[in-house]
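Trainee: kindly return the folded structure for what I paste below:
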Amino acid sequence: QTELRFLHSKPTCFIVVGKPGSGKTSLARRLALEWKCELINASELINQNIELQSDMGIKFTEILNRGEAIPESLVIKMIENKINSPEVAHHGYVLDDFPSISESYLSVRDQLELVKNWKLRPDFIINIKIPDKDIEKRRIGQKVDPVTGDVYTKDVYAPDKSLKMMSDKEGEEEGEEEEEEGDEEEIEDDSLPSEILGRLIIRPEDLEQQVDENILKFKNNMLRILEDYMADHDQQFLIEMDGNQNNAVLFKQLLMRLGCFVLRTAAVPIRLWDPEDPEEINEDIDTDELMRQLAPKQMIAPRHRWRRSRWLKNCPVALFEGNMVPGKPEFAVSFLDKIYCLSSAEAMEKFLKNPRPYLLPPQPRPPCKLSILGPPLSGKTTLSHLLANKYSAKVIDVDELMKPKLLEEHKNHLQKVRDDTTETAIFTVKARLKEQLEAEREGEFLFLILHHVYKAYFCLSFSLFKLFICLYFVAFYPLSSALCKLLSLLSINLPFLVYLSSYHSTLFKLSFPYLSYPLSLLFLNIIVKDKIIEPEVDATHPEVVAIVEAAVKEAEKQDVLLQPEIYIEAMEAAIKDAERELKKKNPEGAINGGWILDNFPNTRDQWAVCIEKNILPDDVIILKDNSENGVCLMERYYNQNKTEIDELMNVRLEKE
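Mentor: Predicted structure coming up:
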């Protein structure tokens, strides 16, 4: 509970106000270092952004390279970004040099209103008070090093020997550090090298006339507004300091005043693994052994070993984002009294800035990335929806998602079968009709030969000629029967014509393909003298239509199969939609997870594609029927389809 209260608590925030050159920045820098919070100073932030080459830093560099001043609007935006940053949300801040005396963008009152509306408002106001004459004397005597930009007061670069001896006796060895409007730093040293002393110069703004104008502008434009702000603030959290004290004494007095409150400094995560440490820990090490090796590292007190957390070896940052990723020993850190293993340098950087969101409840909560498989009617869909309600997840039924694509693919398949079959059927029917016509023409030619040859012989015998004439007009006789009968009669009645036997066999061989044609067809073709025309066949031909309809009807019975990649693409799109909805509901929550796959993937090929694309559920739940011979699911199936099954059984019994 103590840890939870700390994670929910607001970090302590300070604002330092006072006249220009009263030592605000020096005190703010010391306090930020001691209190382990973030220093928010315009000049410091500008330098940090330029060094880090951030988007804003690049913009600042371009403006400065053009010889222009950075606009106040960008400075205020930069300060607000820092206030809303993760590190400030955990460590707190010390605000210095804001509100600014410059009113080119916002007035002083508007700047203070901006501060009052921040999510993290200042808890303590530190007001450094110093008379006008003292601050004027201090500023007129200070000089700046043009190389480093450091500001030195007169008692630093030209100390009074008598005062120096007294300060040595009192143990005060630090020189006072002053700053003009919060952006000039002084060096706390009693003596300076001659090299530095030789290049010190006086700035134009530290001339007497400029100092007087600057102090007067502060009193006219800002002092009254700051006094009203301090008057409205809780007076027990208003700390007033004597600006005539040197910086070391002023800082000690401030710590004493803060010690009267029940406050704690920011808890800073500590990296346990030294990058320069030659000892290495195997990443595949057992979790218990890893915790034992990390527990004594970077101990803050003897016998104060770090304890394992509920995350064990899992990365808190990855888990917060919805991924279960094991942490690495080289990215292990300690926070409060526990060990946390991060998975990457980026995750460690996020955790060091602000560990709070990754540790607050409901964390550690495993991301909901499930796949529920099982036989039909085993309760997969019901269980999926129950788990989805429990973990605020979305059920993804890939089979349902694929129905439109399957229907479209089935439609395309039928159309392809129809087109291919139509083309083939037209060719087949046309070829058959053409073959039939050719056969009839050849049969006609053969019949004429037989007619004239046999007629010459039959004329010798009236009875044979009479029989031949009868055969000629019998429409239902096939050619094979006619030939056989004629040959038989010839062999009996004209045995002396021996040479006809070879002639008959030759004719018989020629007529063999056409022996099944009725004589009527051959006879009719004799009468039709016109040349046979190529048969016209198109998609509307009855035989073609019949063939196509039969092929389409057969194709409708076949199941359409899609490539596994198409299924995985549909699943991936559904997962992205689910994660987008999850992010929309809770912008500060997990960015991954929140989905349950209903009976998918269910083939080896689909699993292979999932592995290839690294889209895998964290857990797979398989439902089984452990009853003997699957009786439970069989009864469930029978009860659900009782009428249909009973009808089929009755039909089967009737047949038996």
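Trainee: pLDDT score assigned to residue 64?
Mentor: We have a pLDDT of 93 for residue 64.
Trainee: which stretches of the stretch 501-650 of the chain aren't confidently modelled?
Mentor: 501-534 (pLDDT under 70).
Trainee: how about the helices of it, start to end?
Mentor: Using DSSP state H, counting those that start in this stretch, the helices of the stretch 501-650 of the chain run over 519-527, 542-556, 564-585, 604-613, 631-640, 642-655.
Trainee: what's the closest of those to residue 270?
Mentor: helix 564-585 (31.7 Å; CB to CB). Heads up, the C-betas are built off the backbone N, CA and C, glycines and all.
Trainee: what comes into contact with that closest one?
Mentor: Residues from elsewhere that reach helix 564-585 (CB atoms under 8 Å, 6 or more residues apart in numbering): 322, 392-394, 396, 398, 401-402, 405, 589-595, 597, 600-601, 603, 605-606, 608-610, 613, 615.
Trainee: CA atoms of it as CSV?
Mentor: The C-alpha coordinates for helix 564-585 follow below in CSV (Å, rounded to 0.1, in the frame of the first residue of the first chain):
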residue,chain,number,x,y,z
PRO,A,564,-3.1,-18.9,-45.9
GLU,A,565,-1.7,-15.4,-46.5
ILE,A,566,-5.1,-14.1,-47.3
TYR,A,567,-6.5,-15.4,-44.0
ILE,A,568,-3.5,-13.9,-42.1
GLU,A,569,-3.9,-10.5,-43.8
ALA,A,570,-7.6,-10.4,-42.7
MET,A,571,-6.6,-11.4,-39.2
GLU,A,572,-3.9,-8.8,-39.1
ALA,A,573,-6.3,-6.1,-40.2
ALA,A,574,-8.8,-7.1,-37.6
ILE,A,575,-6.1,-7.1,-34.9
LYS,A,576,-5.0,-3.6,-35.9
ASP,A,577,-8.7,-2.4,-35.7
ALA,A,578,-9.1,-4.0,-32.2
GLU,A,579,-5.9,-2.3,-31.0
ARG,A,580,-6.9,1.0,-32.5
GLU,A,581,-10.2,0.8,-30.6
LEU,A,582,-8.4,-0.1,-27.4
LYS,A,583,-6.1,2.9,-27.8
LYS,A,584,-9.0,5.1,-28.5
LYS,A,585,-10.8,4.0,-25.3
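Trainee: quick one: buried residues of it?
Mentor: 564, 567, 568, 570, 571, 574, 575, 578, 579, 582, 583 (16 or more other CB atoms under 10 Å).
Trainee: excluding its backbone neighbours, what's nearest the first one?
Mentor: Of all residues not flanking residue 564 in the chain, residue 605 sits nearest, at 4.2 Å (CB to CB, 6 or more residues apart in numbering).
Trainee: any weak-confidence spans in the protein?
Mentor: Looking at the chain by pLDDT under 70, you get 160-191, 278, 438-534.
Trainee: follow-up on the earlier one: which one of the buried residues of helix 564-585 is nearest residue 86?
Mentor: When these are compared against residue 86 (criterion: CB to CB), the nearest one is residue 583, at 17.7 Å.
Trainee: can you give me the strands for the stretch 301-450 of the chain?
Mentor: 307-308, 332-335, 338-341, 369-373, 394-396 (DSSP state E, counting those that start in this stretch).
Trainee: counting by contacts, list what the longest one packs against.
Mentor: Identification of packing neighbours for strand 369-373 by 3 or more CB pairs under 8 Å, 6 or more residues apart in numbering; DSSP states H and E yields helix 380-391, strand 595-598, strand 619-622.
Trainee: one more time with 6 Å, if that's ok
Mentor: On a contact count with 3 or more CB pairs under 6 Å, 6 or more residues apart in numbering; DSSP states H and E, strand 369-373 meets helix 380-391, strand 619-622.
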